[in-house]
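Visitor: generate a structure from the sequence data that follows.
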Amino acid sequence: MSHASDADQDFIAAAMPAFISEAGEQTEAIETLLLELEEQPDNRELLDSLFRCAHTVKGSAGIFGLNKVVEFTHHVETLLDKCRDGELALTPEISTLLLKCNDQIKFLVDTATDEAADTPEQKDLRADLVIQLCAYTEGTAVVGGAVEPAATAADTAPAGEPGVTQWHISARFGPETFRNGMDPLSIARYLQGMGSVKSIVCATDAVPSLVDMNPETCYLGFVMVLESAAKRDDVEGAFSFVADDCELEVRAPESPEQKLVRAIEDMPATPRLGDMLVSVGAVSQSKLTEVLSNQEQSTSATSGQKAKIGNLLEDKAGVAPAVVEAALNKQQKAKESSGEENRFIRVQADRLDAVINLLGELVIAGAGANLLARETRNVALIEANLHMNGLIEEIRNGTLGLRMVPVGETFSRFRRVVRDTAGSLGKEVNFEIVGGEAELDKSMVEKIADPLMHLVRNSLDHGLEPPAERVAAGKTPAGKLTLSAKHETGAILIRIEDDGRGINRERVLQRAWNKGLIEQGVVPSDDVINMMIFEAGFSTAEQVT
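Guide: I've put the predicted structure just below:
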């Protein structure tokens, strides 16, 4: 970062909050995936998603010059790569280590702009985690008490030697790139650090005339040939921060057949197989017409059964089977997804609040206009005002709905707490979330997060028994803790339930006597005793978690 230009520094400062927010989402996803993998250790899809999340954090951090995040996450990535390749099994011990590493990544991201926060204690903790990672991967060495990062292939393999690839990169940045605080030039510079740029051409095909040009809109892209030992994921990772607003193609030198397959994979799916193959140049339009004619002629000869177009294209048009298969797969995926992809736009909460406040003022103004219209006794004006007020109310309700988030996102954060707390207490717990799709205002979700955390810990501390005690009571060794949410009479009812021993009223009463909350010797009703647990600072736990 010290060698960056003033423009780069401005870009970094403007985009850093967005990076911290997105990286925070990625680390939350990493935690969730690790906990899911403990229950489904053989789920390859979860493992791949986990690797992609770590890789996204590393790639984005590299753009911002956050070397500590890059180097530490690289060690995590190496371990995950070995798990993906089947060299290591994702054991509970490795999962625990990765959760601790994820905590360290969170810390490094959150303190990216505060160098003083990285205390000697944190550095020692990070070094210890790297040593543990290396014990599994054997990809680094400890020299003189200091941890030396493993050299990557891009660092050690000179151009032209085995392992070095000429990546052909085509990037077309979206119109909102500049307004989102992104700088394509910084990405190009970052790629340059991954190897040797053999050529780079600015793509200007989307640039409009001077009359139509908006200086805040990005019209450019670039086509680059990068010689590097980096993997495809590493190259694509450089664009992770602009992935939602960029058309990106990264490809290595390929055979004609491979080029056609990749072109099909990268193109939007169309309902007709033949049209897809014509679009990528696998078959000419005239040849396709001829094959379709043969298909129609084959219908009567086979008792109404048409020959499959894919087979005919292979036999009559010489299209490679792999290309036809790629087109068929693309067609099938399009049918499964039905084109229902969710698209999200990040909006700052204060901007949304400002719109909601203005809509509130508009509702009041509309009511005043409606009153004036009634005083005029003009029927057409009254009806027009009523229609306008109805539309304003719909807009307001829709805007308020934008602040609603599923409570399941908050509930999922407790999985880690349940796992770690249960482990420290020597208890076995099956944690279940029900009704996570129920929605609450985001500000309310943030307010109830801490009280919910306290209640969950109470269930673990006081409610659920150790395995031996549960077995002696005729229960299963593992306790059940359920966190549920449901709509009920215009509100959301959130319930925390466990199948533990329940409230020990005698113990609660004794503690209340000792703390002077109830006069010594007085025995109130069960309801009053139960409510004692909600008093500030009240606890019957012998061990504080």
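
Visitor: quick one: contacts for A23?
Guide: By CB atoms under 8 Å, 6 or more residues apart in numbering, the residues touching A23 are 57, 60-61, 105, 109. Quick note: C-beta positions are derived from backbone N, CA and C, even for glycine.

Visitor: what helix or strand is it on?
Guide: helix 6-39 (DSSP states H and E).

Visitor: then W167?
Guide: Counting by DSSP H and E, W167 is found in strand 165-173.

Visitor: domain parsing for the chain?
Guide: As given by automatic domain parsing, the domain ranges for the chain are 6-150, 156-253, 267-337, 349-402, 406-502.

Visitor: how long is the shortest one from one end to the other?
Guide: For domain 349-402, the separation between the terminal residues is 10 Å (CA to CA, to the nearest Å).

Visitor: list the buried residues of the strand holding W167.
Guide: For strand 165-173, the buried set under the neighbour-count rule, 16 or more other CB atoms under 10 Å, comprises 165-173.

Visitor: tell me the helix or strand right after that strand.
Guide: Downstream of strand 165-173 (by DSSP H and E), the next one is helix 184-192.

Visitor: what's that next one packed up against?
Guide: Contact analysis of helix 184-192 by 3 or more CB pairs under 8 Å, 6 or more residues apart in numbering; DSSP states H and E lists helix 6-39, helix 44-63, strand 165-173, strand 196-203, strand 221-228 as its packing neighbours.

Visitor: and it with helix 6-39, angle?
Guide: Put simply, helix 184-192 runs at 60 degrees to helix 6-39, going by axes from the mean of the first three to the mean of the last three CA atoms, to 10 degrees.

Visitor: H168 contacts V250, correct?
Guide: Yes: between H168 and V250 there is a contact under CB atoms under 8 Å: 7.5 Å.

Visitor: please tell me how far the helix holding A23 is from the chain's geometric centre.
Guide: The chain centre lies 9 Å from the centre of helix 6-39; the measure is CA atoms, centre = their mean, to the nearest Å.

Visitor: and what of stretch 165-182?
Guide: So, by CA atoms, centre = their mean, the centroid of stretch 165-182 is 20 Å from its chain's centroid.

Visitor: ok, residues contacting that stretch?
Guide: With CB under 8 Å, 6+ apart as the test, stretch 165-182 has contacts from 11, 14-15, 18, 184, 187, 191, 198, 203, 206, 216-230, 232, 235, 239, 241-242, 244-253.

Visitor: distance of R172 from D245?
Guide: Distance from R172 to D245, counting by CB to CB, to the nearest Å: 10 Å.

Visitor: I169 too?
Guide: When I169 is compared with D245 (using CB to CB), they lie 17 Å apart.

Visitor: if we ignore the residues flanking it in sequence, what's nearest S196?
Guide: If the residues on either side of it in the chain are set aside, S196 comes closest to E227, at 4.5 Å by CB to CB, 6 or more residues apart in numbering.

Visitor: wait, that neighbour touches L191, no?
Guide: No: taking contacts as CB under 8 Å, E227 lies outside contact range of L191: 11.0 Å.

Visitor: neighbour count: these two, which is higher?
Guide: Here E227 and L191 are compared on neighbour count by other CB atoms under 10 Å; more neighbours surround L191, at 24 against 17.

Visitor: hmm, L185 and the more buried one touching each other?
Guide: No: counting by CB under 8 Å, L191 sits too far from L185 to count as a contact (10.7 Å).

Visitor: I'd guessed M276 sits against K330; true?
Guide: Yes: using CB under 8 Å, M276 is in contact with K330, at 6.7 Å.
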